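> could you work out the structure for the sequence below:
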Amino acid sequence: MWCLIAAPAFRQAEKTPALEARLDRRLLALAWTSLLLALLSGIGWLIIVASQMSGMPLAAVVQQGVLGVVLTQTQFGKVWLVRGALVIVLAACLLVRIRSWKQIVRWIGLAVCAALIVSLAWAGHGAATEDLPGDFLHLPADLLHLLATGVWLGTLVPLALLLAEMLRDASPAGLTISRAACLRFSTLGITCVGILVVTGIVNTWFLSGSIPALVGTLYGQLLLVKVAVFVAMIAVANANRSRLVPVLAHAASEVSERLKAVRTLSRNVFAEATLGIVVLSIVGIIGILPPGLHTEPRWPFPFRLDLSEVAAGAQKVLDVAAILFVLCLAAGVIAAEKRRYRAAAVSLAGLVLCGGVAASAMRPGMVPAYPTTFYAPTQQYAAPSVTRGAPLYAANCAVCHGAEGRGDGPLAKSLPIPPADLTEPHLFAHSVGDIFWWVSYGRAQGVMPGFADKLTPDQRWDLINFVLARTAGILTDATGSQVVTTAAPPLPDFAFEQNGAQNTLSETLKNGPVLLVLFAPSAPRVRLGQLARLAPRLGTAGLHVIAVGLGKSTVEAPFVVDVSDDVRATLALFRSSKDGGETELMLDRNGSVRARWTEGGPGKLAGGPILLADAVRVSKIPMAMANHAGHAQ
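Numbers count the residues shown, from 1 in each chain. Coordinates of the predicted model:
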């Protein structure tokens, strides 16, 4: 406050030592109070975190030396020690009252305050982000967000005190100081708001990252409330800047008008500061909650938007309506700012019209949704889960859906609504969260029962993974030798051992596409020899070869890996009895089957040039984005 606003404002007026001294005492009292609260809350924070880390009661943490371990052996403790040192330095700055040093000490105090604020980032989510974008984007955004928050909110109460002091003085010099302070704060506030908007979007992406996480988790809902309060703060600040500050800056304004403007500004700044305290309170609650991306999002609406269901022509209409909506919104804001209420009314009508057109265009994309629609499985789509799901399906689902899932079980004909054919491609059109809801609570007006009271959540996910894998295997049987770039059946992940080293399919796919060779009962040595000779050229194209024998015998041949029985049982779903003893699958980096060749097929197995060309084509298929849904509990 002193460095950026008050000191420059006092320099624009005649010497007012008494006024400056009174304001200095008020701000000094505020600083000491704030510093004491920071110290006490920091000590409480340390004790609570130490209790959570050790699992010991609060009293035991203090008595048994746990605090020392936390302070010296955890990142949180090291950050706490740095912050404690900064508090001591800041207290020393506040104690220095030598006039000739005061200005230098204030700037040192400003730097220490900035360091104290941004150091919170190393105790938060930004420092815990492990992926590459987080290393270079999330933490810097967190630092800037904290600094902008501290500068804006930390200056509000001191500004209100300055305005109150100038109002009490009611002198021309006080009005001049008020005008200069408000103008400088306005510029500072605009800068901080811009930084907060940009960094807030970055932080929201890393910690929530999706609409379900925003509206379906407590973290996201509190974040939306925080944004709403933030918008209210901007509205108050905008009213101050557009209506009250110009009265102070206008030379022709009467003294009474200026005093009235200062009085109103003081009230508004206190209101803005109160809203800021609400924001900080919400942030305090959010800080102890897991981020939205790490929490199960319980979808609160009976529908969701699926743009794939919207026709191409309707999507173009939707795009145009969205652009016009934004333009009308901007025009309305500008018109309201300039008090052109007729133009604002026209813009509002345009908003309503664009909203109606967009709603009409999106109507086909409004598909039913359930509370679990955006859940992510707690059990990975992998061979062990698929194997566990097979007997669960046989015991609970086969009686209606049939042993092979074609809707032809023993009870199928007696049901008023035929059971669904679980081998059709439409199964993959549904989200796994939708399927989880149906398995848990039933569907088709009670014809299909729910299994929430019979199977645990993990068992339900195992069952779903088995159904998905079996359907993917059936769809793979219909896949040809030409690379498919549209939706393709996914192959479950599996672990294998090669040359004494453990690996998984998913880890291998990170380095490029995979040619998966499935054979039974004996290894096709001639084919594996051909692939071995092609290995240098295949490696150049980024193609990796994994050969899995589905029989009991163990063989040693190029690319052959060792797998467990559950992997063999799962991969057997992706072979047919008519493959001539060998099936080869080209997998993209998502693990989806893009092409298929069999020894018993029309063209048999692919030659080297075809494999190389297909590998290059498949490598260009983009990887799917990470699932931002939460796990079901």
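> so how far is the helix or strand residue 30 falls within from its chain's centroid?
Element membership for residue 30, per DSSP states H and E: helix 17-54. In terms of CA atoms, centre = their mean, to the nearest Å, the centre of helix 17-54 is found 33 Å from the chain centre.
> ditto for stretch 595-614
41 Å.
> what do you get for stretch 288-300?
10 Å.
> and that stretch, which residues are buried?
289, 291, 292, 293, 295, 296, 297, 298, 299 (16 or more other CB atoms under 10 Å). Where C-beta positions appear, they are placed from N, C-alpha and C, glycine not excepted.
> then stretch 103-115?
For stretch 103-115, using 16+ other CB under 10 Å, the buried residues are 105, 106, 108, 109, 110, 112, 113, 114, 115.
> stretch 61-69 too?
61, 66, 67.
> what does stretch 349-369 give?
Neighbour-count burial for stretch 349-369 [16+ other CB under 10 Å]: 350, 351, 354, 357, 358, 361, 362, 365, 366, 367, 369.
> which helices and strands sit right next to the helix or strand hosting residue 267?
Using DSSP H and E, the element containing residue 267 is helix 255-286. Contact partners of helix 255-286 among helices and strands, from 3 or more CB pairs under 8 Å, 6 or more residues apart in numbering; DSSP states H and E: helix 139-169, helix 172-207, helix 218-239, helix 245-249.
> for those helices, which has the smallest mean pLDDT value?
Mean pLDDT values for the helices and strands packed on helix 255-286 show the minimum at helix 245-249, a mean of 74.
> any idea how far residue 204 is from residue 149?
15 Å (CB to CB, to the nearest Å).
> tell me the angle the helix holding residue 30 makes with helix 139-169.
Interaxial angle, helix 17-54 versus helix 139-169 (axes from the mean of the first three to the mean of the last three CA atoms, to 10 degrees): 140 degrees.
> before we move on, the earlier item: from the buried residues of stretch 288-300, pick the one nearest residue 275.
Nearest to residue 275 out of the buried residues of stretch 288-300 is residue 289 (CB to CB; 21.4 Å).
> looking at it, that closest one is touching residue 223, isn't it?
No. If you go by CB atoms under 8 Å, residue 289 and residue 223 don't touch, sitting 9.8 Å apart.
> please identify the buried residues of the helix holding residue 267?
Here helix 255-286 shows 258-259, 261-262, 264-266, 268-273, 275-276, 278-279, 282, 286 as buried, counting by 16+ other CB under 10 Å.
> okay, strands next: where are they in the stretch 251-400 of the chain?
With strands called from DSSP state E, counting those that start in this stretch, the stretch 251-400 of the chain shows them at 303-305, 366-368, 375-376.
> rebuild those as JSON lines, extending it with mean pLDDT and distance to residue 569.
Output for the strands of the stretch 251-400 of the chain, formatted as JSON lines (pLDDT from 0 to 100; distance: least, CB to CB, whole Å):
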{"stretch": "strand 303-305", "mean pLDDT": "88", "distance to residue 569": "35"}
{"stretch": "strand 366-368", "mean pLDDT": "89", "distance to residue 569": "35"}
{"stretch": "strand 375-376", "mean pLDDT": "90", "distance to residue 569": "25"}
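> looking at the ones you listed, which is nearest to residue 161?
Among those, strand 303-305 sits nearest to residue 161 (CB to CB), with 48.8 Å.
> so for the residue nearest to residue 517 when sequence neighbours are not counted, what's the pLDDT?
Nearest non-adjacent residue to residue 517, counting by CB to CB, 6 or more residues apart in numbering: residue 547, 4.0 Å away. On the pLDDT scale, residue 547 is placed at 93.
> residue 547 belongs to a strand?
Yes. Judged by DSSP: H, G, I helix; E, B strand; the rest coil, residue 547 forms part of a strand.
> neighbours of it, just the number please.
24 (other CB atoms under 10 Å).
> residue 441 now?
Residue 441: 16 surrounding residues under other CB under 10 Å.
> please name the nearest non-neighbouring residue to it.
That would be residue 450: by CB to CB, 6+ apart, it lies 4.0 Å from residue 441.
> likewise residue 90?
For residue 90, the closest residue by CB to CB, 6+ apart turns out to be residue 112, at 4.9 Å.
> any idea how far the one you found lies from residue 118?
11 Å.
> with residue 162 instead?
25 Å.
> with neighbour numbers in mind, choose between these two.
Set residue 162 next to residue 118 and count neighbours by other CB under 10 Å: residue 162 wins out with 29 against 16.
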